[in-house]
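[1] kindly return the folded structure for what I paste below:
(2 chains)
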Amino acid sequence: MSHVPLLALDIGWGWTLLVKVGVVAAIIPLGALILGYVFLLKMMSHMQSRLGPMDPGGYHGWFQLIGDGLKFIQKEDVMPTMADRRVFALAPAVVLVSTFLIFVVIPAGPDLVVRDLDVGVFFALAVSSLSVVGVLMAGWSSANKYALLGALRSAGQLIAYELPLLLAVVGVVVMAGTLNLQGIVTAQQDGEIFGFGGFGNPFVLTQIVGFLLFLVAAQAELNQTPFDMPVAESELLGGFMVEYTGFRFLFFFLGEFGTAFAFAALAATLFLGGWAVPWVHGDAANVLGPLVLFAKTMAVAFLMFWVRFTYPRLREDQLQALAWKYLIPLALANIAVTGVIKVAV
Amino acid sequence: MSTTGPRAPLPEVEVDPAAMRHLAEAQMNLELDTGDMILNIGPQHPATHGTLRLVARLDGERVISADPVIGYMHRGYEKLTEFRSYPQVTTLINRIDWLSSFANEVPFVSAAEQLMDIEAPPRAQYIRTILTELSRIATFILFLGEMGLQVGALTPAFYGFRDREYVLNLIEGATGGRFHPNFNRIGGLKDDLPWGWVAETRTVMAKILESCDDFEDLVAGNEIFQTRAKGIGIIPPDVGSAYGVSGSNLRASGVDWDLRRDGPPYLVYPELDFKVWTHGDGDSFARYWVRLQETRESALMVLQMLDRIPEGPVMTKVPRIIKVPEGEIWVETENPLGQMGYYVVSKGALGPFRTKIRSASFSNVSILPWLLRGTYVPDLVTILASLYFILGDIDR
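    Predicted structure coming up:
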């Protein structure tokens, strides 16, 4: 480790923190926007054999999402009469903050990480489940029965799917021997698969069950089809979001795509090696890292959204049965097998 | 007066165990004070295809009772027909079931023709049958996608709309109207088919058959869809018949009854070779499956008719001013949504004296209170989608 860290600018911790926060605050909405653009507008419209918005901005309607955002900003801020005003106003912010916090620990290069926590994985998964607090707040304070049903479904779903999500990651942690995300990336870059170290050890190969479990559980965490019972637009009309308009709705929307982006990035870091490219170390990795991470994130996001646009949704009880009867036992078995192999090899 | 003899024993009352369980549950709810929530589904709700309102009493997510409230779209067509002349009425009845407007016109025009004792020429009969089947395909192909949307899959809905557009283009090509053709005339049709229409229809039918296979893979073959639809909203054949459910909904319950084959012969159906599909289960999946097969069957029927369509005029001789002689008649046909009938009473005037419209959806939704009791809210949506009603067809 002889290289000079890029971000070790000697301008005092306060300024460094401010720079980091600024970068994160700029990147996430941008990432969510790109994700929303590429997948929601373009990929979805191609899959559904339609054009989608093509005119705004000239080229393939790239301006549409920005235009939508501007539209939301100038909308009237409608609040239901019976709503709990303060909670109602705060709920979208809670959801968005939980999204932002995930990015704090995701490394984009050897030195490009906001906070290199030793319990990174734990932190990321813990703050991601904060969003359900916001959802419950939104559902309860809207004073709307549809919103309440949606919020309660969301809470029930989160409890069920948090477990397989965590258990799926435990396999990775056992393999890497650390909870630190940076350490997990390094373990994948420098690892070997049964003695062959040609391209490191991306855990998607050795932890394929964990990867699939993680994707399924993440889909449920994100309230995406086939687990979008909480927002089920054909029965609950958007669930907890039903009373939200304008800017606050935009917050939820941004939160939705931001969280999808975050989980995709997390999956890319845990299973696809994050920023790591085989044989690239040091400053080169600092430059290449963000691009590599972004590419891997998009690849995972493609999978997630592909499923989202294809499948119908499960019913609430079927969804719970899937989590408790299949995913959790499978995740436990995966941990056991991983442990045995880790000790034996 | 005191009783001396032995008391007569109390009459034996047969207790329905299900009712007893229900009572016990009600008692428990009373003791635990788990109040019911009344959820107003509609009149503005995407699952109700328009303005149906369901007042559902929920215990958690379980529906204790659901009462449909109809009439938000009542336009009084039965009364309006009394103030229109016969040729004008088709414009109104077009709008009863707006997804298959052409099929609505047929029974009324046929009623007037039978009262006047005239008959449309064979070519007109063939074209009428083709257009009726096309409107059936247009209605069902939309359903095949729409049902996917209601259980959460977004993509099939767009496929449904896309495929329906092919068929609507055909209908527009022949009649000039996409939704409300108003193409039937008493004694025939307004126009002959345009040039090249037959060849175009053959191509589109091939596409429809192909996309039926797609729907079979994408929706009916999907395991999640099957878990959502199988065993949900079972209509036993006797209950269905008792409520007056008709069409594919009844055939999905195993009742082998199709007016095209079993009713009084109309159009050219007696000459056609087609299969009436039934399914024994009577659940939402069965209704989806039956409609899928019927879409295929309709496409095959259209292809058959295109091969046989005779040459000739499309209009018989009718008087310039149409007056229907005195009499009354009941004409019923198998429309996409079920049995559709008109009872027309004529007093020899320019328009009908009285018209009674029997529309399929009105009877089909009358089973809802029976069917929805004890289901869950997500299943409620599945059931509503699988019954497939059109609000215009309920409220008229």
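
[2] residue of the stretch 151-300 of chain B closest to chain A, please.
    Minimum separation of the stretch 151-300 of chain B from chain A (C-beta to the nearest C-beta) falls at B:Gly152, amounting to 3.0 Å. Every residue, glycine included, has its C-beta placed from N, CA and C.

[3] in what helix or strand does that residue lie?
    Counting by DSSP states H and E, B:Gly152 is held by no secondary-structure element, helix or strand.

[4] what is the burial count for it?
    28 (other C-beta atoms under 10 Å in any protein chain shown).

[5] which residue is the nearest non-sequential neighbour of it?
    The shortest distance from B:Gly152 to any non-neighbouring residue, by C-beta to C-beta, 6 or more residues apart in numbering or on different chains, is to A:Arg313 (3.0 Å).

[6] at the geometric centre of the chain, which residue sits there?
    By default, I'm working from chain A. Of all residues in chain A, the one closest to the mean position by C-alpha atoms, centre = their mean is A:Phe263, 2.1 Å from it.

[7] not quite, I wanted chain B
    Against the mean C-alpha coordinate of chain B, by C-alpha atoms, centre = their mean, the closest residue is B:Leu337 at 1.3 Å.

[8] which residue, other than its chain neighbours, is closest to that one?
    Beyond its immediate neighbours in the sequence, the residue positioned closest to B:Leu337 (C-beta to C-beta, 6+ apart) is B:Ala360, lying 4.0 Å away.

[9] now the nearest residue to B:Glu172 once chain neighbours are set aside. Its backbone dihedrals?
    Ranked by C-beta to C-beta, 6+ apart and with sequence neighbours excluded, the top spatial neighbour of B:Glu172 is B:Arg178, at 4.7 Å. Its backbone dihedrals place B:Arg178 at phi -70, psi -50, with angles given as degrees, to the nearest 10.

[10] report the buried residues of the one helix or strand B:Arg287 maps to.
    B:Arg287 is part of helix B:284-308, with elements assigned from DSSP H and E. Applying a neighbour-count criterion of 16 or more other C-beta atoms under 10 Å in any protein chain shown, one finds B:284-306 buried in helix B:284-308.

[11] which strands or helices does that helix pack on?
    Packing contacts for helix B:284-308, counted by 3 or more C-beta pairs under 8 Å, 6 or more residues apart in numbering or on different chains; DSSP states H and E, involve helix B:122-150, helix B:197-215, helix B:223-229, helix B:248-251, helix B:377-387.

[12] so which residues on chain A come close to chain B?
    Counting by C-beta under 8 Å from any C-beta of the partner chain, the residues of chain A lying close to chain B are A:44, A:47-50, A:145-146, A:149, A:225-226, A:228-229, A:232-237, A:309-318.

[13] hey, what's B:Val345 bridged with?
    Applying DSSP bridges to B:Val345 gives these bridge partners: B:Glu328, B:Arg354.

[14] right, and the residue nearest to the centre of chain A touches A:Ala218 too?
    Yes - with contacts counted by C-beta atoms under 8 Å, A:Phe263 reaches A:Ala218, the gap being 4.4 Å.

[15] picking that back up, from the helices and strands packed on helix B:284-308, which stretch is densest packed?
    Most buried of the helices and strands packed on helix B:284-308 by mean neighbour count (mean count of other C-beta atoms under 10 Å in any protein chain shown) is helix B:248-251; its value is a mean of 29.
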